[in-house]
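>>> Task: produce atomic coordinates for the following.
(chains A and B)
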Amino acid sequence: AQSVTQLGSHVSVSEGALVLLRCNYSSSVPPYLFWYVQYPNQGLQLLLKYTTGATLVKGINGFEAEFKKSETSFHLTKPSAHMSDAAEYFCAVSDPRGGGRRALTFGSGTRLQVQP
Amino acid sequence: GAGVSQSPRYKVAKRGQDVALRCDPISGHVSLFWYQQALGQGPEFLTYFQNEAQLDKSGLPSDRFFAERPEGSVSTLKIQRTQQEDSAVYLCASSLAQQGNSPLHFGNGTRLTVT
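Modelled structure (predicted):
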C-alpha cells in the first residue's frame, strides 16, 4: 500500500521568492516519486521524477526535488518564483512493479499562488 | 496524435442519464488509466488497461461505472444512471510501458456535471 501527504493545501509566495512544496510518502516497497503540475482546465504535466540514482532531481521550469529516504520526503523547490508558476502541484508515488492501482497514487495537491 | 485526447471536454447530464466519455491515448501506448478528480482533490484511480485487457478495476466506485478498450487503443468510460456524486473531472492517462517508472501522459479531462 502507498500514500502521499502534501502539507499545505495553499502556498503563497512573492515573485522572486523561494518556492517550497512539501511531500511525504508512505510505501511498503521502495517507491518511484513524481511531481505533476496542473494548470486550470488542463490535465497533469510531469515536472520531474525520481526512480533510482541521484537523489536530487532536476525538472522542467527550474524546479527540483530531493528524495530523502530517512525522512520519507520528496519536497519540491524552485529558487525564484515566476508568476507563470501559479498552478496546482501534485506529488505522486508509484510502485516499481507498476500497473493498475500501483501505478500512481496522488496527494491532495497544493495550490501555489505567486504575488507580484 | 501529439498527446492524449479526451472528449467531450464538458458534459452536463441530468440525474439518471447515461454518459460515455472517450479517451484517445498516445499511439503505441500499452497502458491506459482512468482517474476521477473531485473538486479540490487529487486524482483517484478508477481502472487500468494493458492493451485491451482490463487488469484492474478496483477503483470503480460502483457497478454503474464500466470501462472498455476493445482494440487496445481508444477507451470509453461509461457511467449509467448518473448521480450528483458522479460530478467530477475524469482524466485519462496513457504510458508506453507498464513499469512504475514509465511516466503517465494525461489528457485534459472531461468535466462531468450532474444536475
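>>> How about residues contacting stretch A:33-41?
A:21, A:23, A:25, A:44-50, A:59, A:63, A:65, A:67, A:74, A:76, A:87-94, A:104, A:106, A:109, B:103, B:106, B:108, B:111 (Cβ atoms under 8 Å, 6 or more residues apart in numbering or on different chains). Quick note: C-beta positions are derived from backbone N, CA and C, even for glycine.
>>> Would you mark the buried spots in the helix or strand harbouring A:Val4?
Assigned by DSSP states H and E, A:Val4 belongs to strand A:2-5. Residues of strand A:2-5 classed as buried: A:Gln2, A:Val4 (neighbour count, 16 or more other Cβ atoms under 10 Å in any protein chain shown).
>>> C-terminal to it, what's the next element?
Downstream of strand A:2-5 (by DSSP H and E), the next one is strand A:10-14.
>>> CA atoms only: put that following strand into CSV for me.
In CSV, the C-alpha atoms belonging to strand A:10-14 read as follows (Å, rounded to 0.1, in the frame of the first residue of the first chain):
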residue,chain,number,x,y,z
HIS,A,10,-2.4,26.5,-0.4
VAL,A,11,1.0,28.2,-0.5
SER,A,12,1.5,31.9,-1.4
VAL,A,13,4.9,33.4,-2.3
SER,A,14,6.1,36.7,-3.7
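>>> Now look at whatever helix or strand comes next after that strand and say if it contacts chain B.
Note on strand A:10-14: by DSSP H and E, the next helix or strand toward the C-terminus is strand A:19-21. No - Strand A:19-21 is not in contact with chain B by Cβ under 8 Å from any Cβ of the partner chain; minimum separation 13.3 Å.
>>> Could you tell me which other helices and strands strand A:19-21 packs against?
Applying 3 or more Cβ pairs under 8 Å, 6 or more residues apart in numbering or on different chains; DSSP states H and E, we find strand A:19-21 packed against strand A:10-14, strand A:73-78, strand A:110-115.
>>> follow-up on the earlier one: helices or strands next to the strand holding A:Val4 in the packing?
When contacts are defined as 3+ Cβ pairs under 8 Å, 6+ apart, strand A:2-5 packs onto strand A:24-27, strand A:87-94, strand A:105-106.
>>> And it, how far out from the chain middle?
For strand A:2-5, the gap between its own C-alpha mean and the chain's C-alpha mean amounts to 12 Å (Cα atoms, centre = their mean, to the nearest Å).
>>> which residues sit against it?
Applying Cβ under 8 Å, 6+ apart, the external contacts of strand A:2-5 come out as A:23-28, A:31, A:91-95, A:102, A:105-107, B:42.
>>> one step back: so of the helices and strands packed on strand A:2-5, which one's packed in deepest?
When you average the neighbours per residue for each of these (mean count of other Cβ atoms under 10 Å in any protein chain shown), strand A:87-94 leads with a mean of 24.
>>> tell me what it is packed against?
strand A:2-5, strand A:24-27, strand A:32-38, strand A:73-78, strand A:105-106, strand A:110-115.
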